[in-house]
Every structure is written in C-alpha cells, then in structure tokens.
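Participant: A structural model of the following input is requested.
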Amino acid sequence: MWGGRTGSARPTRHVVAIDENHCEAFTALGECFGYPEFLVDDNLNVG
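Facilitator: Residues are numbered from 1 along each chain as shown. Here you go, the predicted model:
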C-alpha cells in the first residue's frame, strides 16, 4: 500500500501526437518485444 490507500490507482493516459518516422520506430520496437503490429500501430496518435 502506498500513502495509506487500498486498491490500485488508475493509470494516467497521456495523448501526444507523433510523426510518421516515430510511428515506424515505435512499431519496430513493439515487434522486438513480440507485440503484433496492429496492437502498437492502432494505439499511436500520428498527427
């Protein structure tokens, strides 16, 4: 327990736009860790 609270805290979700080059890099990194491309690519905010 942290700070006397019980249960788990909700994760904070940050949305940051990235360019196409970073999208390709994150997709490649995800593949290195065994994640399928759709799982990584569908959750990227390319803008």
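Participant: helix, strand, or coil at the residue nearest the centre of the chain?
Facilitator: The chain has Asn43 as the residue nearest its centroid, 6.7 Å off, counting by CA atoms, centre = their mean. The assignment at Asn43 comes out as coil when based on DSSP: H, G, I helix; E, B strand; the rest coil.
Participant: OK, contacts around Gly30?
Facilitator: Glu37, Leu39, Val40 (CB atoms under 8 Å, 6 or more residues apart in numbering). Using the backbone N, CA and C atoms, a C-beta is placed for each residue, glycine as well.
Participant: just the buried ones from the residues you listed?
Facilitator: Val40 (16 or more other CB atoms under 10 Å).
Participant: pull the CA atoms of the lengthiest helix in the chain into CSV?
Facilitator: Of all the elements of type helix in the chain, the one with the most residues (DSSP state H) is helix 20-32. The C-alpha coordinates for helix 20-32 follow below in CSV (Å, rounded to 0.1, in the frame of the first residue of the first chain):
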residue,chain,number,x,y,z
GLU,A,20,5.4,9.1,-39.2
ASN,A,21,9.1,8.4,-38.5
HIS,A,22,8.4,7.9,-34.8
CYS,A,23,5.4,5.7,-35.7
GLU,A,24,7.6,3.4,-37.6
ALA,A,25,10.2,3.4,-34.8
PHE,A,26,7.6,2.5,-32.2
THR,A,27,6.1,-0.2,-34.4
ALA,A,28,9.6,-1.7,-34.9
LEU,A,29,10.3,-1.5,-31.1
GLY,A,30,7.0,-3.3,-30.4
GLU,A,31,7.8,-6.0,-32.8
CYS,A,32,11.2,-6.5,-31.0
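Participant: from the chain's centre, how far out does it sit?
Facilitator: For helix 20-32, the distance from its own C-alpha centre to the chain's C-alpha centre is 11 Å (CA atoms, centre = their mean, to the nearest Å).
Participant: cool, thanks, signing off.
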